[in-house]
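Chemist: mind looking at a prediction? Sequence and model below.
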Amino acid sequence: MARKQVFFVGLDDFNLQTLNTLPQAEEFEFVPALTYGEIRDDPDADVAALIELAAARLEAAPGGPAGVASFFDFPGTVIAAVLAERFSLPGPPLESLFKCEHKYWSRLEQNKVVPDIIPGFQAFDPFDDDAYDKLGMMPPFWIKPVKSFRSYLAYQITDERQFREVMETCRARGPAITEPFRKVMQAYDMPDELTAMRESFIAESPIGGAQCTLEGYAHDGKVVVYGVVDSVREADSSSFARYEYPSLLPLEIQHRMIDAARSVIQQFGYSHGPFNVEFFYDQTADAIWLLEINPRASQSHAELFRMVNGVSHFSLVVDLAVGRKPRPLERRGDWTVAAHFFERAFQPGRVAYVPGKAALERIRGRQKDTRIQIMVEKGDDLAELANQDSYSYELASVYIGGRDRMDLMDRHDQVMTALQFEIES
């Protein structure tokens, strides 16, 4: 009997390999509604046209589609939700999804239920020459588009001069993501006060501390958090060094975060879907701060759950996509701890050398469960790479498991000895 098809918006080979390790792979075939390249490679892509292209592929599925989901931020999650609604498949209500995705709307809703754990915030128009004065916020503060991903166009502002300098970049690059997002919200009848607003960026007072991400889902009226992943930054940088699972934060702190996340998810009316919520814990003040909510499971964490739990959290995504109660994750993996390491360059330049197949095979020979994604090619200009944060350039992603944290870091050192890049300035 042929397997029914579950569609993913933004499916790539790396994540398909992880999906095919799931128990559900015996029952379902995982296929792209859209490939990763189709949602990311063309910055001028028409989201409405992408929706129709994906819909045609779902329409052609033998026996009809069994479900649809995405691991990727806009337009991935939005397209998946639109398709779920069109084909009467399980999925989160569109309005609740936009409340997660639109950073200003999200803060307005969060402020109704957890005002004490969110920063001061204000929307502004980057094309307004008087934007800095109208904000009335004392630096330092952070700015970012009302729709962004991976810290794209996120800047810490230290004074008015710097604000005016980065506005040139925000004006040039911001509309490429904020305008398509606004048009989709408008097309699906989201509130006029949000779709018609000229303010396409948000400023927030600084929050900080130990950062982590709660992975969870909402289903059948219940909000469940099944894992907490630490987000460890590079020294003296806002860029991430690694995601490490399970979290080292005290359980009492994790439970405070879980309670807050549950309140916000319920306030949004979000259901029938996965989510992740990013928090800070300020140990000095014993305070938690809510950074943002994403209506998806993080694909960056998938290998960590596979290594520690024995199955990726993509398992829960598939269950939700086909309308089932997610099966619980147990600690049955080969490793006690796992991490997704980011190998980065912090200065622009041209890639002169990347590790070849022989180097990767040597690493696999020593560490069979380690997975490596090379993110650049020889000749790439780092300054031209898409989807980077504002302060660094990602060269590779490395997924490693360890018996304990010391073993994990030792294994990472072994990988980095073999994984050499050359960047010409």
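Modeler: Alright, I've got the coordinates. Small disclaimer: the values here were computed from a predicted structure and weren't measured. Numbers count the residues shown, from 1 in each chain.
Chemist: give the contact list for the residue nearest in space to the middle of the chain.
Modeler: Nearest to the geometric centre of the chain sits S298, at 5.2 Å (CA atoms, centre = their mean). By CB atoms under 8 Å, 6 or more residues apart in numbering, the contact list for S298 reads 71, 213, 215, 229, 276. Yep, even glycine has a C-beta here, placed from its N, CA and C like the rest.
Chemist: among those residues, name the ones in strands.
Modeler: 213, 215, 229, 276 (DSSP state E).
Chemist: state the pLDDT value of the first one.
Modeler: According to the prediction, T213 has pLDDT 99.
Chemist: next, count neighbours for it.
Modeler: Using other CB atoms under 10 Å, T213 has 24 neighbouring residues.
Chemist: bridged to it, which residues?
Modeler: Assessed by DSSP bridges, T213 has beta-bridge partners V229, E278.
Chemist: if we can go back for a sec, could the contacts of S298 go into a markdown table alongside distance to Q110?
Modeler: Listed next are the contacts of S298 as a markdown table, based on distance: CB to CB, whole Å:
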| residue | distance to Q110 |
| --- | --- |
| F71 | 23 |
| T213 | 16 |
| E215 | 19 |
| V229 | 21 |
| N276 | 15 |
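Chemist: so which of those residues is the closest to K357?
Modeler: Nearest to K357 among the contacts of S298 is F71, at 26.6 Å by CB to CB.
Chemist: residue contacts, that closest one?
Modeler: By CB under 8 Å, 6+ apart, the residues touching F71 are 8, 10, 15, 296-299, 302, 314, 317.
Chemist: out of these, which end up buried?
Modeler: Those of the contacts of F71 that meet the buried threshold are 8, 10, 15, 296-299, 302, 314, 317, by 16 or more other CB atoms under 10 Å.
Chemist: farthest pair in the residues you listed?
Modeler: So, these by CB to CB: farthest apart are F8 and S298, at 14.4 Å.
Chemist: follow-up on the earlier one: looking at the ones in strands among the contacts of S298, which two lie furthest apart in space?
Modeler: Within the ones in strands among the contacts of S298, V229 and N276 form the most distant pair, 8.4 Å apart (CB to CB).
Chemist: now do the shared contacts for the two.
Modeler: 213, 215, 298, 301.
Chemist: turn the buried ones among the contacts of F71 into JSON lines, including secondary structure, distance to D133 and pLDDT.
Modeler: Below are these laid out as JSON lines (DSSP: H, G, I helix; E, B strand; the rest coil; distance: CB to CB, whole Å; pLDDT from 0 to 100):
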{"residue": "F8", "secondary structure": "strand", "distance to D133": "46", "pLDDT": "99"}
{"residue": "G10", "secondary structure": "strand", "distance to D133": "40", "pLDDT": "97"}
{"residue": "N15", "secondary structure": "helix", "distance to D133": "45", "pLDDT": "96"}
{"residue": "R296", "secondary structure": "coil", "distance to D133": "37", "pLDDT": "98"}
{"residue": "A297", "secondary structure": "coil", "distance to D133": "41", "pLDDT": "98"}
{"residue": "S298", "secondary structure": "coil", "distance to D133": "38", "pLDDT": "97"}
{"residue": "Q299", "secondary structure": "helix", "distance to D133": "41", "pLDDT": "96"}
{"residue": "A302", "secondary structure": "helix", "distance to D133": "45", "pLDDT": "98"}
{"residue": "F314", "secondary structure": "helix", "distance to D133": "47", "pLDDT": "99"}
{"residue": "V317", "secondary structure": "helix", "distance to D133": "45", "pLDDT": "99"}
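Chemist: for V114, grab phi and psi.
Modeler: phi -130, psi 50 (degrees, to the nearest 10).
Chemist: any idea how far D319 is from it?
Modeler: Here the distance between V114 and D319 works out to 28 Å (CB to CB, to the nearest Å).
Chemist: which one's more surrounded, these two?
Modeler: More crowded of V114 and D319, by other CB under 10 Å: D319, with 20 against 17.
Chemist: surely the more buried one and K325 touch.
Modeler: Yes - at 6.9 Å, D319 counts as touching K325 under the criterion of CB atoms under 8 Å.
Chemist: which residues of the stretch 51-200 of the chain fall in helices?
Modeler: For the stretch 51-200 of the chain, the helices defined by DSSP state H, counting those that start in this stretch cover 76-86, 94-101, 103-113, 131-135, 160-173, 175-187, 192-195.
Chemist: which elements pack onto the last one?
Modeler: Just to be clear, that refers to helix 192-195. helix 175-187 (3 or more CB pairs under 8 Å, 6 or more residues apart in numbering; DSSP states H and E).
Chemist: pull the residues that contact the helix it packs on.
Modeler: Helix 175-187 has contacts (CB under 8 Å, 6+ apart) with 43-48, 74-75, 78, 98, 101-102, 145-149, 152, 194-195, 200-201.
Chemist: for ChimeraX, write a command that selects the buried ones of these.
Modeler: Applying 16+ other CB under 10 Å to the contacts of helix 175-187, the buried members can be selected in ChimeraX as follows:
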select :45,47,74,75,78,98,101,102,145,146,147,148,149,152,194,195,200,201
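Chemist: ok now stretch 400-416, how far from the chain's centre?
Modeler: Taking CA atoms, centre = their mean, to the nearest Å, one finds stretch 400-416 lying 24 Å from the centre of the chain it belongs to.
Chemist: give me the phi and psi for the closest residue to A25 other than its chain neighbours.
Modeler: Nearest in space to A25, with sequence neighbours left out and distances taken as CB to CB, 6 or more residues apart in numbering, is L19 at 6.7 Å. Per-residue torsions, L19: phi -60, psi -40 (degrees, to the nearest 10).
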